[in-house]
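1. here are the coordinates; sequence isn't available:
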């Protein structure tokens, strides 16, 4: 009884600095998470954070809190919709595949998150970026491809495959790609095709590969077994966060 | 007459913050350039700077001065030897080729520069790095391959070809490669072979490719015509310098 009560009170503790934010794409309700700097003077830049294939989790909440500590307003987006949370990787694969296969829908959900972020008090709508992890990294690149009004996008271990309907177009958002050099889910041919796409689109991009890092290298929950193809990598996590900070310093 | 006198007096001005430093590899005299921070407390890290194929020029002197401003003691190395300065690119190609073809000699010249740097008052010999440009970038990687006692190496638009006698061995120095994404002299196959080499050597490396940058992207003297294969690129220069600063922050 005592330990159950303790667990309950711990669960009720405010583990995170932000709060839920519900917004919408048409009739679809989306359940995001918003984190703000504790003491901001005037308007500050905003960052949309797109989740990996499991949907919005504590990982994205923590990232958003850390962005708020850097002085930005961060919205962890909900791409899938309120209540739509995969129970396992099979479901996650199916859901993520649905959005990867329907880039127009994916782009609309990202645009909805951008609108919700810009509507927040204290956000400078002219200084906004999109970042994402794994599936969300692909989303960040889609934001750039779609010409959404953002200063820049960052993909962390995101899929780099070029959409089937790709037409090189001007990409005005600056692009930072943080890639695990040993990521088995993002093979060298995808990296090469991505760079060709960026060249053809005259995009201003920086591509970084981190030694010994596989998929999901920023996520502690991914464990430490590289042979699984997804694992946490402390050095790659730390370095990519620093490179993102440099990038924000430049674009904001 | 007047303008000749003016030119003479300008040439005599102390344009740089450092001073010449002569050191040796056996019987061969080497004419380097040393820059120190103006107000250092205690011992500080040291950086050897290896020149591009034209030999030690104002470019490396300026880089060394900028490193001194960051708080490091910097030695712009002289790989070719005192008085050995190519008069044109044909001579430069021949000289650089000689050292690229004789890695043992090249490594010895780098080791001599490291010794000369460590012998300087105020240098913490346990915190030393090697950086280099073009031909010198190859040299920085050779320092890592040779297991010279350095914390890290940085290659700026360096050749990434793997030496003919390469055997994967433990590489303990951390490695940062700043690469022009469109460098025609460092083709994709060299990039791939280099990454394979680093993997096989279990090296802790970070590889960065900068959009639209070709060879020599840090050198203003290279002009702005990408079609020549070598050209200055302001964004790549600025970003790679920041990434080097991050890297030094980590290793020192």
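-> Perfect, I can see it now. Because the structure is predicted, anything quoted here is derived from the model rather than measured. Residues are numbered from 1 along each chain as shown, chains lettered A, B, ... in the order given.
2. CA only for contacts and neighbour counts going forward, please
-> Fine.
3. show me the contacts for residue A:74.
-> A:34, A:35, A:36, A:46, A:47, A:48, A:49, A:64, A:65, A:67, A:68, A:117 (C-alpha atoms under 8 Å, 6 or more residues apart in numbering or on different chains).
4. name the element the last one belongs to?
-> Residue A:117 is part of helix A:103-118, with elements assigned from DSSP states H and E.
5. beyond that helix, next helix or strand please.
-> With DSSP H and E, the next secondary element past helix A:103-118 is strand A:123-133.
6. picking up where we left off before, and the helix holding residue A:117, what's its mean pLDDT?
-> The average pLDDT for helix A:103-118 rounds to 97.
7. identify the residues contacting it?
-> A:23-25, A:46-48, A:73-75, A:77-79, A:99-100, A:123-125, A:139, A:142-143, A:146, A:148, A:163.
8. quick one on the thing from earlier: list the ones among the contacts of residue A:74 that fall in helices.
-> A:64, A:65, A:67, A:68, A:117 (DSSP state H).
9. for the nearest residue to residue A:134 once chain neighbours are set aside, which three-state class applies?
-> Counting by C-alpha to C-alpha, 6 or more residues apart in numbering or on different chains, residue A:134 lies nearest to residue A:158, which is 3.9 Å off, once chain neighbours are set aside. Three-state assignment for residue A:158 (DSSP: H, G, I helix; E, B strand; the rest coil): coil.
10. so which residues of chain A form strands?
-> A:19-25, A:28-35, A:44-50, A:73-76, A:123-133, A:152-156, A:174-180, A:205-210 (DSSP state E).
11. what angle separates the second one from helix A:103-118?
-> In this structure, strand A:28-35 runs at an angle of 50 degrees to helix A:103-118, with axes from the mean of the first three to the mean of the last three C-alpha atoms, to 10 degrees as the basis.
12. list the buried residues in strand A:28-35.
-> A:29, A:30, A:31, A:32, A:33, A:34, A:35 (16 or more other C-alpha atoms under 10 Å in any protein chain shown).
13. list just the nearest of the residues you listed to chain B.
-> residue A:35 (26.9 Å; C-alpha to the nearest C-alpha).
14. quick check: the nearest residue to the closest one once chain neighbours are set aside vs chain B, distance?
-> Spatial nearest neighbour of residue A:35, chain neighbours left out: residue A:18 (4.1 Å); criterion: C-alpha to C-alpha, 6+ apart. Note on residue A:18: its distance to chain B, by C-alpha to the nearest C-alpha, to the nearest Å, is 29 Å.
15. quick check: closest non-adjacent residue to residue A:74.
-> residue A:47 (4.7 Å).
16. now that neighbour: how far from chain B?
-> Counting by C-alpha to the nearest C-alpha, the gap from residue A:47 to chain B is 21 Å.
17. report the beta-bridge partners for that residue.
-> Bridge pairing for residue A:47 (DSSP bridges) gives the partners residue A:74, residue A:129.
18. run a quick neighbour tally on the residue of the stretch 101-250 of chain A found nearest chain B.
-> As assessed by C-alpha to the nearest C-alpha, chain B sits closest to residue A:208 within the stretch 101-250 of chain A, at 4.4 Å. If you count neighbours by other C-alpha atoms under 10 Å in any protein chain shown, residue A:208 ends up with 24.
19. list the beta-bridge partners for it.
-> Here residue A:208, judged by DSSP bridges, has bridge partners residue A:178, residue B:208.
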